[in-house]
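*Asks:* One predicted model, sequence on top.
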Amino acid sequence: MELTVNLGKNSYPILIKNGILSHAGEWIAKVFTGKKIMIISDDHVFPIYGNTLLATLSDYECHSLVLPHGETIKSFQTLPSIYAALLDAKISRSDLVIALGGGVIGDLVGFAAASYLRGVRFIQIPTTLLAQVDSSVGGKVAVDLPQGKNLVGAFYHPKMVLIDPDVLDTLPAHFISDGMGEVIKYGCIKDAALFETLMSCSSFEELKPQLASVILRCVDIKRVVVEADPYDTGERMLLNFGHTLAHTIEQHYHYERESHGEAVAIGMYQICRIAEAKGLTASGCAASIKKALDIYGLPHTCGLPIETLKNAMTLDKKNLNGNLNVILLHEIGKSYIYPTEIQFFKEAGGI
């Protein structure tokens, strides 16, 4: 299955195929004619898939950098080691960087590629469900600050995204649930039929035979939204449903408790619950979301008082012209941007 993100000179293909990692070199050759490649991965992913990828790139001079895993590496403190490795390998603007890993590696390596030599080409090979359905597509690359998530970054698109659903077989169940948070989001904001498909299953194992088509649908939704709003000033903000709370929850716990997908799950349910109480969302949406979260092993609460999160919310990137733009649902499958203020959460109590 192949999609193209149509962004003029920044257009790029997304390929979704079981087993494509073992043939990555054939596809990479279609968009890269240089000689040298740097693969950047982490110590969870590279030992499993690094040699598979290297074996398909025998026509190139390949180098690799293996970083520690986890959200805490997505910071400025990691960037010097990446730049040093690129310089040691004499990577030039005619060469290529490959991000092999989950969303942390994709975001971090993408930002390094955007800033090294003012921009070197890179390819995303996402190895987690969350990265496959969301973060590898759309060109958002970033690092975190102590004050919040993704506060320093760029819009820098890959030359290609290669998605191999087979690599998910080695993921621990926790990372599957993490990715399902974003999958559920896509059903909530744009596709009631997708949401019903997710609700019709009793577990991820039951959904698994349909997984490639589910990934394709999520990626296609994101493709359409990104093409319409590449710089995240309008419709693309819909992709942040649940994220206003999610990013603050992650930051509060220093990215060490709730994963991103878990935090998004909490954010979706809690924002929907608040909006229903205000008459801004159809009754029953929050209950439906909670049921979906239960099916895929995701939380709906984190036990924090909303006052604890307010300061971080004021730094949210969806603050425009003094308004906090919260993403709400009219109903499942139909979302909208609701300009408000931090007082929107005033009566939320604990979340």
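*Replies:* Received it, and whenever you're ready, just let me know what you need.
*Asks:* Now do stretch 151-171: distance from first to last residue.
*Replies:* 28 Å (CA to CA, to the nearest Å).
*Asks:* Please identify the buried residues of it?
*Replies:* 151, 153, 155-165, 167-168, 171 (16 or more other CB atoms under 10 Å). C-betas here are computed from N, CA, C, even on glycine.
*Asks:* cool, stretch 332-343 as well?
*Replies:* Quick answer for stretch 332-343 (16+ other CB under 10 Å): 332-333, 335-338, 342.
*Asks:* What sits closest to the residue nearest the centre of the chain if chain neighbours are left out?
*Replies:* In the chain, the residue lying closest to the centroid (CA atoms, centre = their mean) is residue 135, at 2.6 Å. Leaving out its chain neighbours, the residue that sits closest to residue 135 by CB to CB, 6 or more residues apart in numbering is residue 103, at 3.8 Å.
*Asks:* do you know how far the one you found is from residue 140?
*Replies:* Distance from residue 103 to residue 140, counting by CB to CB, to the nearest Å: 10 Å.
*Asks:* between these two, which one's more packed in?
*Replies:* Set residue 103 next to residue 140 and count neighbours by other CB atoms under 10 Å: residue 103 wins out with 26 against 23.
*Asks:* residue contacts, that one?
*Replies:* When contacts are counted by CB atoms under 8 Å, 6 or more residues apart in numbering, residue 103 touches 126, 128, 130-131, 134-136, 260.
*Asks:* taking those residues one by one, which sit in strands?
*Replies:* residue 126 (DSSP state E).
*Asks:* could you redo the contacts of residue 103 as TSV and give each row pLDDT and distance to residue 146?
*Replies:* Compiled in TSV, the contacts of residue 103 are given as follows (pLDDT from 0 to 100; distance: CB to CB, whole Å):
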residue	pLDDT	distance to residue 146
126	97	26
128	96	24
130	94	23
131	95	24
134	91	24
135	90	21
136	93	26
260	89	17
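*Asks:* which of the contacts of residue 103 has the most neighbours?
*Replies:* Among the contacts of residue 103, the one with the most neighbours (other CB under 10 Å) is residue 136, at 30 neighbours.
*Asks:* pretty sure residue 345 contacts residue 306?
*Replies:* Yes. Assessed by CB atoms under 8 Å, residue 345 is found in contact with residue 306 at 4.9 Å.
*Asks:* Can you work out which residues contact both of those two?
*Replies:* Once CB under 8 Å, 6+ apart is applied, it turns out that residue 345 and residue 306 contact no residue in common.
*Asks:* how does this structure divide up, domain by domain?
*Replies:* Taking automatic domain parsing as the criterion, the chain consists of the domains 2-169, 186-345.
*Asks:* possible to save these as TSV with distance to residue 176?
*Replies:* Formatted as TSV, the domains of the chain follow (distance: least, CB to CB, whole Å):
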stretch	distance to residue 176
domain 2-169	6
domain 186-345	5
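*Asks:* ok, of those, where does mean pLDDT dip lowest?
*Replies:* Sorting the domains of the chain by mean pLDDT places domain 186-345 lowest, at a mean of 89.
*Asks:* Let me see the backbone angles for residue 44.
*Replies:* Phi and psi for residue 44, reported as degrees, to the nearest 10, are phi -90, psi -40.
*Asks:* And it, how far from residue 167?
*Replies:* 12 Å.
*Asks:* hmm, back to that, the residue nearest to the centre of the chain touches residue 106, doesn't it?
*Replies:* Yes. Using CB under 8 Å, residue 135 is in contact with residue 106, at 5.4 Å.
*Asks:* list the residues that contact both of these two?
*Replies:* residue 126.
*Asks:* before we move on, the earlier item: now, which of the contacts of residue 103 lie within helices?
*Replies:* 130, 260 (DSSP state H).
*Asks:* could you dump the contacts of residue 103 to JSON lines with distance to residue 202?
*Replies:* As requested, these are exported to JSON lines (distance: CB to CB, whole Å):
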{"residue": "126", "distance to residue 202": "27"}
{"residue": "128", "distance to residue 202": "23"}
{"residue": "130", "distance to residue 202": "22"}
{"residue": "131", "distance to residue 202": "26"}
{"residue": "134", "distance to residue 202": "24"}
{"residue": "135", "distance to residue 202": "27"}
{"residue": "136", "distance to residue 202": "28"}
{"residue": "260", "distance to residue 202": "25"}
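*Asks:* who touches the closest residue to residue 95 other than its chain neighbours in this structure?
*Replies:* Nearest residue to residue 95 in three dimensions, chain neighbours excluded: residue 36, at 4.2 Å (CB to CB, 6+ apart). Contact partners of residue 36, counting by CB under 8 Å, 6+ apart, are 60-63, 89-92, 95-96.
*Asks:* Show me which of these is closest to residue 52.
*Replies:* Nearest to residue 52 out of the contacts of residue 36 is residue 62 (CB to CB; 12.7 Å).
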